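Peer 1: turn this into a structure:
(one chain, ligands or ions: 1)
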Amino acid sequence: MTTVLGCIADDFTGATDLAGLLARSGVKVSLRMGVPTDAPSETAPFEVIALKIRTVPVEQAVQQALEALDWLQAAGATRFFWKYCSTFDSTAQGNIGPVAEALMDALGTKQTIYCPAFPENGRSIFMGNLFVGRQPLAESPMKDHPLTPMRDSNLMRLLDPQVTRPTGLADRQTVAKGSDALTNELERLRKDGIAHVVVDAVANDDLHVIASACRNMPLMTGGSAVAMPLPGIFARDGLLAADAPGLVQPDLGRGAVVLSGSCSAMTNQQVEAYIAHGCPAYRLDPLDFAAEGHAKAVAWVAAQDLTKAPLVYATANPDSVRAAQERLGVQRAGAMVEQALAACAVAARDAGAQRFVVAGGETSGAVSQALGVDRLDIGTEIAPGVPWCFATSNGTPIALTLKSGNFGSKGFFRDALSELERE
Ligand code: ADP
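Peer 2: Have a look, this model is predicted:
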């Protein structure tokens with residue numbers, strides 16, 4: 001089916017988040033890990049390409065985004081969405097602005113909008129300033145992010161050094177007047193040569209106004225939330241075939257496995273809750289397999305009754321993580337855990353598991369790669385931003401859910417498995 005909206009996301013779990021929100025409407029959404037090497041086939045009306053370009057050098061980010069654009073254009077898309085984090089994670093050089101500008105040039109368009117707001121998750125924009133909950137971005141914990149410390153809350157000031165053309169603002173006063181008022185304001189700004197327009201949004205209704213006013217722009221940019229109304233709007237505009245088939249969930253065997261490599265506070269609670277429920281669990285300690293490798297863990301998985309959805313976890317408290325990192329180095333400890341969980345995923349699949357619950361952004365990348373998954377069809381949402389996804393691994397249909405660290409509530413692992421039962 002011809003693709004109506006082509007989306008490019010700057011990181012992996014951000015892509016799942018966007019795909020999940022788009023799929024809330026019941027439309028078919030397909031997520032590709034990286035730019036596919038093959039020409040488009042069996043495309044969905046909403047295609048999302050997950051890149052990993054948030055902090056790579058600008059030229060690399062631009063090049064990969066343009067390759068993704070080419071593929072999406074070949075899939076038939078004429079409207080595009082550039083997705084980044086709702087906290088506008090970027091450095092002084094980019095990559096949000098440079099990628100947007102390169103996409104605009106390739107599409108021959110003179111203007112785009114920037115709306116990272118996600119009011120449901122406490123991200124709002126007022127007078128061009130981004131708030132995280134009640135704090136301005138630059139006073140939120142994002143000020144200390146290891147890779148993209150956000151030290152200014154004003155999106156125009158953040159964007160200015162990243163782009164070559166003028167930035168401007170469409171403020172809440174305009175958005176509150178509705179989509180026609182916003183369309184007129186964007187046109188007025190365009191005549192003044194304003195190429196990059198930050199748009200205020202403090203509530204969900206604002207996102208509808210913005211999506212409606214911008215629905216025919218060749219390029220929109222933002223967080224996942226401003227894209228959420230687009231499927232409904234496109235359906236009303238007659239752009240989606242009324243009889244377009246929704247996702248058909250494959251028949252899946254009952255075998256399942258839970259793989260957790262995130263050490264976030266929430267994942268620690270999720271692991272604890274799952275174990276407390278009596279589910280079989282195996283703890284991976286990087287200090288053990290520094291000497292022994294991960295063969296014991298793999299053998300444990302292969303010997304399990306997979307209908308009980310056993311858990312393999314490296315999830316640990318900050319002190320244990322620090323101890324492993326001091327002995328092995330941060331990179332090495334992380335890579336060892338990722339390889340172990342990826343090997344366990346393959347062992348579980350080979351033993352018949354077709355349902356995979358995975359916790360951790362990097363971990364999700366390692367597991368999907370080991371399972372040879374390069375395309376995911378998006379199913380129902382388990383928690384905001386975390387959908388079930390369907391794919392094929394070694395010729396067998398599987399379901400995967402990829403949860404980034406802090407997402408989901410305490411009972412997430414069991415919730416995820418029972419959500420799949422309900423389908
Ligand atoms: P999150 O989404 O919470 O950031 P990630 O999977 O992206 O989770 O990152 C967690 C990183 O920590 C991974 O590289 C993982 O391999 C590593 N890790 C997991 N458990 C441990 C541990 N016990 N000691 C050291 N590193 C660990």
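
Peer 1: every contact and neighbour count from this point should use C-alpha atoms.
Peer 2: Fine.

Peer 1: helices of the stretch 151-300 of the chain, start to end?
Peer 2: Under the criterion DSSP state H, counting those that start in this stretch, the stretch 151-300 of the chain contains helices at 155-159, 172-175, 179-191, 204-214, 230-236, 265-276, 286-292, 295-302.

Peer 1: contact residues of the chain facing the ligand?
Peer 2: Counting by C-alpha under 6 Å from any ligand atom, the residues of the chain close to the ligand are 261-264, 285, 314-316, 321, 324-325, 333-335, 337-338, 360-363, 404-405.

Peer 1: in JSON lines: the helices of the stretch 151-300 of the chain, plus mean neighbour count and mean pLDDT.
Peer 2: As requested, the helices of the stretch 151-300 of the chain are arranged in JSON lines below (neighbours: other C-alpha atoms under 10 Å; pLDDT from 0 to 100):
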{"stretch": "helix 155-159", "mean neighbour count": "21", "mean pLDDT": "97"}
{"stretch": "helix 172-175", "mean neighbour count": "18", "mean pLDDT": "98"}
{"stretch": "helix 179-191", "mean neighbour count": "17", "mean pLDDT": "98"}
{"stretch": "helix 204-214", "mean neighbour count": "21", "mean pLDDT": "98"}
{"stretch": "helix 230-236", "mean neighbour count": "17", "mean pLDDT": "95"}
{"stretch": "helix 265-276", "mean neighbour count": "18", "mean pLDDT": "95"}
{"stretch": "helix 286-292", "mean neighbour count": "15", "mean pLDDT": "85"}
{"stretch": "helix 295-302", "mean neighbour count": "17", "mean pLDDT": "96"}
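
Peer 1: I'd like those as a markdown table, with distance to T392 appended.
Peer 2: Compiled in a markdown table, those are given as follows (distance: least, C-alpha to C-alpha, whole Å):
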| stretch | distance to T392 |
| --- | --- |
| helix 155-159 | 40 |
| helix 172-175 | 43 |
| helix 179-191 | 42 |
| helix 204-214 | 33 |
| helix 230-236 | 26 |
| helix 265-276 | 26 |
| helix 286-292 | 30 |
| helix 295-302 | 20 |
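
Peer 1: among those helices, which comes closest to P57?
Peer 2: helix 155-159 (16.6 Å; C-alpha to C-alpha).

Peer 1: in the stretch 51-200 of the chain, what residue spans correspond to strands?
Peer 2: For the stretch 51-200 of the chain, the strands defined by DSSP state E, counting those that start in this stretch occupy 79-83, 112-115, 123-126, 129-132, 135-136, 167-170, 196-199.

Peer 1: strands paired with the first one, and their directions?
Peer 2: So the one you mean is strand 79-83. In the sheet, strand 79-83 lines up against strand 5-9 (parallel), strand 219-222 (parallel) (DSSP bridges).

Peer 1: for these, which one ends up most surrounded?
Peer 2: Sort the strands paired with strand 79-83 by mean neighbour count, taking mean count of other C-alpha atoms under 10 Å, and strand 5-9 sits at the top with a mean of 27.

Peer 1: name the helices or strands packed onto whichever helix or strand comes after that one?
Peer 2: Proceeding N to C from strand 5-9, the next assigned helix or strand is helix 12-23, under DSSP states H and E. Applying 3 or more C-alpha pairs under 8 Å, 6 or more residues apart in numbering; DSSP states H and E, one finds that helix 12-23 contacts strand 29-33, strand 46-50, strand 79-83, helix 361-370, strand 375-383, strand 386-393, strand 396-403.

Peer 1: any idea of the mean pLDDT in the fifth one?
Peer 2: Yep, that's strand 375-383 we're talking about. Averaging pLDDT along strand 375-383 yields 91.

Peer 1: identify the neighbouring strands of it in the sheet and state each direction.
Peer 2: Sheet pairing for strand 375-383, using DSSP bridges, gives strand 29-33 (antiparallel), strand 386-393 (antiparallel).

Peer 1: okay, and for the stretch 301-423 of the chain, where does confidence drop off?
Peer 2: 422-423 (pLDDT under 70).

Peer 1: and if you look at the stretch 51-200 of the chain?
Peer 2: Nowhere does the stretch 51-200 of the chain drop to pLDDT under 70.

Peer 1: can you list the domains in the protein?
Peer 2: Annotated domains of the chain cover 5-236, 256-422 [automatic domain parsing].

Peer 1: would you turn those into a markdown table with distance to P250?
Peer 2: Formatted as a markdown table, the domains of the chain follow (distance: least, C-alpha to C-alpha, whole Å):
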| stretch | distance to P250 |
| --- | --- |
| domain 5-236 | 14 |
| domain 256-422 | 7 |
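
Peer 1: my guess is V209 meets A181, correct?
Peer 2: No: contact criterion C-alpha atoms under 8 Å: V209 and A181 do not qualify, at 9.6 Å.

Peer 1: between the two, what contacts are shared?
Peer 2: Shared contacts of V209 and A181 (C-alpha atoms under 8 Å, 6 or more residues apart in numbering): V175.

Peer 1: so where does the closest residue to V330 other than its chain neighbours fall, helix or strand?
Peer 2: In space, and not counting its chain neighbours, V330 is closest to A324: 8.0 Å by C-alpha to C-alpha, 6 or more residues apart in numbering. Using DSSP H and E, the element containing A324 is helix 318-328.

Peer 1: any chance of the helices and strands packed on helix 12-23 in TSV, with mean neighbour count too?
Peer 2: Output for the helices and strands packed on helix 12-23, formatted as TSV (neighbours: other C-alpha atoms under 10 Å):
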stretch	mean neighbour count
strand 29-33	24
strand 46-50	27
strand 79-83	25
helix 361-370	21
strand 375-383	22
strand 386-393	24
strand 396-403	24
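
Peer 1: for N129, which of those is the nearest?
Peer 2: The closest of the helices and strands packed on helix 12-23 to N129 is strand 79-83. By C-alpha to C-alpha, the value is 18.6 Å.

Peer 1: quick one, the closest one and strand 46-50 angle?
Peer 2: 40 degrees (axes from the mean of the first three to the mean of the last three C-alpha atoms, to 10 degrees).

Peer 1: list the contacts of strand 79-83.
Peer 2: 4-10, 14-15, 18, 100, 216-224, 227.

Peer 1: still on that earlier bit, the domains of the chain: which one's closest to L247?
Peer 2: The nearest among those, by C-alpha to C-alpha, is domain 5-236 at 5.8 Å.
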